[in-house]
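Q: Structure for the following, please:
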Amino acid sequence: MSIPQSGGGPIESRAQLAEYLEAGCKPKSDWRIGTEHEKFGYCRDSLKPLPYAGDRSILAVLEGLRDAHGWDPLIEGGNLIGLTKGGANISLEPGGQLELSGAPLETIHETCDEVNSHLAQVKDISDKIGVGFIGLGASPDWMHEDMPLMPKGRYKLMDAYMQKVGTAGRIMMRRTCTVQVNLDFGSEPDMVQKMRVALALQPVATALFASSPFFEGKPNGYKSWRSWVWRNLDDDRTGMLPFVFDDGFGFDAWVDYALDVPMYFVYRDGKYIDALGQSFRDFMDGKLPALPGETPTLSDWADHLTTIFPEARLKKFIETRGADGGPWRRLCALPAYWVGLMYDQTALDGAWDLVKDWDAETRDALRVAAGKEGLQAKVGSLSLHDLARETVALSEAGLKARARTGAGGLIPDETHFLDTLKESIEAGQVQADEMLTQYHGEWNGDLTRVYSDYSY
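A: Numbers count the residues shown, from 1 in each chain. Sure, this is the predicted structure:
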């Protein structure tokens, strides 16, 4: 979840809302890659989730990273709730999931170095206090009552609201993890093409990265249970957004959509003010019940945009949000997949050619099928396995065309970061399939084995 936004002046006209988004346009030479990934922490002896405070806790991990590895603290309400260093942030998801929001970097080589450095630092601290971390799309055996709620104001508000608008919001908050990549655009038409491709192909990412076949101690019938959770969260702020494919879509259409998404909060003087279910349109008119007579700033608008959770999200960049959390190789593979597709025009055009004739019903059916069946999913004549093969090939071509070298020029491009996906496609098996095979085989139904076999 995002930290509070800052630096925005008063909003004096609706046009500023679209201008805020448009300000994200950058020349291609300035396009960057921002990778975010979440992971579950647990006590190694009990295999139970970490509390916020105590000798073995989220707080102890944050303090260790601060003291031993030079991260600067982020404080809310007197509590250490995050860290920052060099353009990157470490933050807490509602159930204590530890998230790295990486710095904007030029290459996948740098992104993977950042991931590896972060995981090494976390392991350094964790080993000292008897804690482990695991990358999965959903917690495999923890119950709701096992999960703490982190001491962040927005989470307390969200927790109450989630029970009113869907069936799975509190599951999402406490018991899911994702990996996502944030990418730039050069112009409004470029944004439009990238948003359409990103939304249409999220089911392929969901299938390739599916790693949540267990929930509350047993198989749940899905390859990505996390995907099911997001489909049952809050229809006002999730989904595949059919309007993005309408003629005339652009920054202004996103503003219209975002203005209709009910608010969560307004952040003032270090505190979250309850604006649950209220309207940003009323806020623009000075009629917000939470702050009568007050009008918003651009920081309020930026905060509001962080409370919208579709499969691909537009801010001053595009976030791809369809993948389960996973092991380190897949943390590097997700940005590689999307950068190859998005940052080379030939690859992007090829991806658009694949999806441009799909209707909204097809896109949504693919989303449902991907979470349920992974690479084995089919919708009409479309096979997720075939789409994965075609899109990874397009991505590989895009990464070759980028020709961003690594290891001082010894590695000619970024294509090797796709190897784990190519292996999955060749085998027709993703991490969820592998874990289910182990569960029914060598694990003999003992789900605690997931911690020893899949932790970082």
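
Q: quick one, strands of the stretch 101-250 of the chain?
A: 131-134, 178-183, 214-215, 218-219 (DSSP state E, counting those that start in this stretch).

Q: Check the chain and tell me which residue is nearest its centre.
A: Of all residues in the chain, the one closest to the mean position by CA atoms, centre = their mean is Gln180, 3.9 Å from it.

Q: So that one versus Met435, what's the distance?
A: Between Gln180 and Met435 the distance is 22 Å, computed by CB to CB, to the nearest Å. C-beta coordinates here come from the backbone N, C-alpha and C atoms, glycine included.

Q: got it, and Thr178?
A: Counting by CB to CB - Thr178 and Met435 are separated by 17 Å.

Q: distance from the centroid: which residue in the protein tops it?
A: In the chain, the residue most distant from the centre (CA atoms, centre = their mean) is Gly293, at 35.3 Å.

Q: That residue against Gly286, yeah?
A: Yes - Gly293 is within contact range of Gly286, at 5.5 Å (criterion: CB atoms under 8 Å).

Q: now what about the lowest-mean-pLDDT helix or strand in the chain, what contacts it?
A: Ranked by mean pLDDT, DSSP states H and E, the weakest helix or strand in the chain is helix 153-165, scoring a mean of 92. Helix 153-165 is contacted from outside by 1, 76-77, 94, 149, 169-170, 172-173, 233-236, 264-265, 271-272, 274, 276-277, using CB atoms under 8 Å, 6 or more residues apart in numbering.

Q: Low-confidence regions, this protein specifically.
A: 1-7 (pLDDT under 70).

Q: Report the buried residues of the least confident helix or strand of the chain.
A: If you call a residue buried by 16 or more other CB atoms under 10 Å, then helix 153-165 has these buried ones: 153-158, 161-162.

Q: which one among the residues you listed gets closest to Phe251?
A: Arg154 (25.6 Å; CB to CB).

Q: Next one: His37 from Ser91, what distance?
A: Applying CB to CB, the value for His37 to Ser91 is 12 Å.

Q: Now do the shared contacts for those two.
A: Glu99.

Q: And those two? Which one has more around it.
A: His37 (28 against 22; other CB atoms under 10 Å).

Q: Hmm, that one is touching Leu98, no?
A: No - at 9.3 Å, His37 does not count as touching Leu98 under the criterion of CB under 8 Å.

Q: Next up, the contacts around the residue farthest from the centre of the chain.
A: Gly286.

Q: Which strands or helices does whichever strand or helix holds Leu80 pack on?
A: Using DSSP states H and E, Leu80 maps to strand 79-85. The contact analysis (3 or more CB pairs under 8 Å, 6 or more residues apart in numbering; DSSP states H and E) places strand 79-85 against helix 58-69, strand 72-76, strand 88-92.

Q: run the last query once more with 6 Å
A: Here strand 79-85 touches strand 72-76, strand 88-92, going by 3 or more CB pairs under 6 Å, 6 or more residues apart in numbering; DSSP states H and E.

Q: Those: which one's closest to Gly408?
A: Smallest distance to Gly408 across those (CB to CB): 23.1 Å, for strand 88-92.

Q: So what are the sheet partners of that closest one and their directions?
A: In the sheet, strand 88-92 lines up against strand 79-85 (antiparallel), strand 98-101 (antiparallel) (DSSP bridges).
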